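Engineer: Provided below for reference: sequence and predicted model.
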Amino acid sequence: VLNPGDTVKFSPYWDDVTKNGSAIVTGIIKPIDPQDEYWAGNLESFSTASRGKNTLVLFVPEQTFFDGVASIFPRMLTDFTWNLYITPGRINATNATAAREGIENLRQFFASIHPSTRQITTLVTLLKDYETRLLFSGGPLLLIVVQVTAIVLYYIVMVGSILVDRQRGEIALMRSRGASLPQILTLYALEGLMLCGVAFVLGPIVASLGIALLGKTPPFIPLSGGDYLPILISPEAFLMAGVGAILAMGALLIPAYGGAKRGLVEHGRGVSRPEQAGWYQRYYVDLFLVAIGGVLYWEIAQRGSLVGGGLFGPIEVDQLLLIGPALFVVGVSLVFLRLFPLLLKIIGRVVETRGGVSVTMALWQMSRNPGHYTRLVLLMMLAASLGVFAASFGGTLEKSYRERALYAAGADIRLVGIPHRDSNPKTQLVASYASVPGVSNVSIAHRKKASLGTGGIAQEFDLLAVDHKSIAQVLWYRNDFSSEPLNEVA
């Protein structure tokens, strides 16, 4: 037994310049917590049990090792190991790819300097799996964001159009007094700049407070523990707010530009004889959107996913397919608006003979000037379609998470690490677990590494052996996994 102050004499088992050496023991090291990350989960590296009876593990300072031990035994073969620690909380969706690429580049860098170096980590595999999950879950969420953004922009255009319609008389009067188109647009641009500027500054702050308050709501209590959700207002939030402010600014100027082009004569003609068809109907934009959306929807149905790429390119969300459903919904809504005035006329004819004067006059006014009403109808249709999509998407996402968990587990409960003993045959093993209250079916399986062939041409693979008589009663299996039922496949 060694104690502090003892002198240890040693000699190398290889041929070296120095045949003998000695070291003074200054302390005995014992791990306070063997599970601490400092020991990297491998205490055997500091144990003599795996190194032979005549081996002693000594801890020395770095300077003593390089300046002292290396000079005494210059022919000594040495392995250097560095344990690099990470902070998992700092890895998120924005930097996961950069972190994985950095680890892979570090391995290539060390290999180019010292070909014998090895980098052992499971973080690359975890990050790749995280990126895959993020990719498949981010596509539908991005689709919802695109639809919400489109509805918000349309709402801004609609409000701007109503505002411009109320001011058409003033705009026409200003044009007749010599005001130019740029001057009138400048007035609307200043109004929009003040509104969008306030929204740009306060938008991220108000949104972050709203997100934090969600932690107090029942759906988020299991995640937040009843506390506020953690928030972080990053520079990207203000960047996206700036993009939104620019889009909103453009949405406000679109109706202003259309109204500012009209003079006093055009204004009077528009009041006496409103336009029956919008520009999107005159140029058949609605039918074009339906056709494009239908083609993209057919492409999605053929692929079965919004994700494309692979082979020689990276796997990523196909942006064109992503907007396909949104284009189709907008196109169908615009087609309905084309039929909306005709539908009002038909209803007016029916009500004319049976209804009162007030109802008939209201329907005549709506069919004569449907522009004001079609805007609201279109907004309601887009909002309803978004609600239906979000509701169906929530159920689909919940089913996806459940099936992914079942696919990873294979059954309701899976036990691993059961020691294999010849004295404990499978019948006794199955019977012992089948006797547990609440267990209705039990099946056993064996997984191990196997190889096919001998010598250097052997191919290693994962071997999974199952009990074909009972596996179908336990294993979770989906109908599209095979063309035949599981009990026939097994």
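Structural biologist: That came through fine. Numbering: from 1, shown residues only.

Engineer: rest of the way, CA atoms for contacts and neighbours
Structural biologist: Will do.

Engineer: how much space between D227 and T117?
Structural biologist: Distance of D227 to T117, computed by CA to CA, to the nearest Å: 47 Å.

Engineer: Next: Y283.
Structural biologist: Distance from Y283 to T117, by CA to CA: 66 Å.

Engineer: When the two are compared, which one has more neighbours?
Structural biologist: When neighbours are counted by other CA atoms under 10 Å, T117 comes out ahead of the other of Y283 and T117, with 15 against 11.

Engineer: Just want the phi and psi numbers for that one.
Structural biologist: Main-chain dihedrals, T117, degrees, to the nearest 10: phi -70, psi 150.

Engineer: just I29 next, same as before
Structural biologist: phi -100, psi 130.

Engineer: Tell me which residues touch it, please.
Structural biologist: Not one residue lies near I29 by CA atoms under 8 Å, 6 or more residues apart in numbering.

Engineer: gap between it and D6?
Structural biologist: 15 Å.

Engineer: so where's the stretch 251-400 of the chain shaky on pLDDT?
Structural biologist: For the stretch 251-400 of the chain, applying pLDDT under 70 flags the ranges 263-278, 304-319, 322, 355, 371.

Engineer: which helix of this protein spans the most residues?
Structural biologist: Counting residues, the longest helix found in the chain (DSSP state H) is helix 123-166.

Engineer: what's the offset of it from the middle of its chain?
Structural biologist: Centroid separation between helix 123-166 and its chain, computed with CA atoms, centre = their mean, to the nearest Å, is 12 Å.

Engineer: for stretch 353-360, same thing?
Structural biologist: 55 Å.

Engineer: in that stretch, what's buried?
Structural biologist: Of all the residues in stretch 353-360, those buried under the rule 16 or more other CA atoms under 10 Å are T360.

Engineer: again, but for stretch 198-214
Structural biologist: Buried, per 16+ other CA under 10 Å, within stretch 198-214: 199-200, 203-205, 208, 212-214.

Engineer: do stretch 326-341 as well
Structural biologist: So for stretch 326-341, counting by 16+ other CA under 10 Å, buried means 326-338, 340-341.

Engineer: And the contacts of it?
Structural biologist: Applying CA under 8 Å, 6+ apart, the set of residues contacting stretch 326-341 is 146-147, 277, 281, 285-294, 297, 366-368, 370, 374, 378, 381-382, 385.

Engineer: Filter those residues down to the buried ones, ChimeraX style.
Structural biologist: Of these, the buried ones go into a single ChimeraX selection, burial set by 16+ other CA under 10 Å:
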select :147,286,287,289,290,291,292,293,294,297,366,367,368,370,374,378,381,382,385
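
Engineer: Can you report how many residues neighbour I184?
Structural biologist: With other CA under 10 Å as criterion, I184 counts 18.

Engineer: how much space between the spatially closest residue to it that is not a sequence neighbour and I171?
Structural biologist: With CA to CA, 6 or more residues apart in numbering as the criterion, I184 has its nearest non-adjacent residue at 6.5 Å, and that residue is A260. Counting by CA to CA, the separation of A260 from I171 is 6 Å.

Engineer: which residues are common contacts for these two?
Structural biologist: In contact with both A260 and I171: I184, using CA under 8 Å, 6+ apart.

Engineer: give me phi/psi at R447?
Structural biologist: Per-residue torsions, R447: phi -120, psi 130 (degrees, to the nearest 10).

Engineer: and the nearest residue to it once chain neighbours are set aside, what element?
Structural biologist: Closest residue in space to R447, ignoring its immediate chain neighbours: L464 at 4.5 Å, by CA to CA, 6+ apart. Here L464 is covered by strand 459-466, with elements defined by DSSP states H and E.

Engineer: R90: which of the buried residues of stretch 326-341 is nearest?
Structural biologist: Proximity of those to R90 (CA to CA) peaks at A326, which lies at 34.8 Å.

Engineer: Now do the strand or helix carrying the closest one against helix 123-166: the angle between them, please.
Structural biologist: When elements are assigned from DSSP H and E, A326 belongs to helix 324-354. Counting by axes from the mean of the first three to the mean of the last three CA atoms, to 10 degrees, helix 324-354 lies at 30 degrees to helix 123-166.
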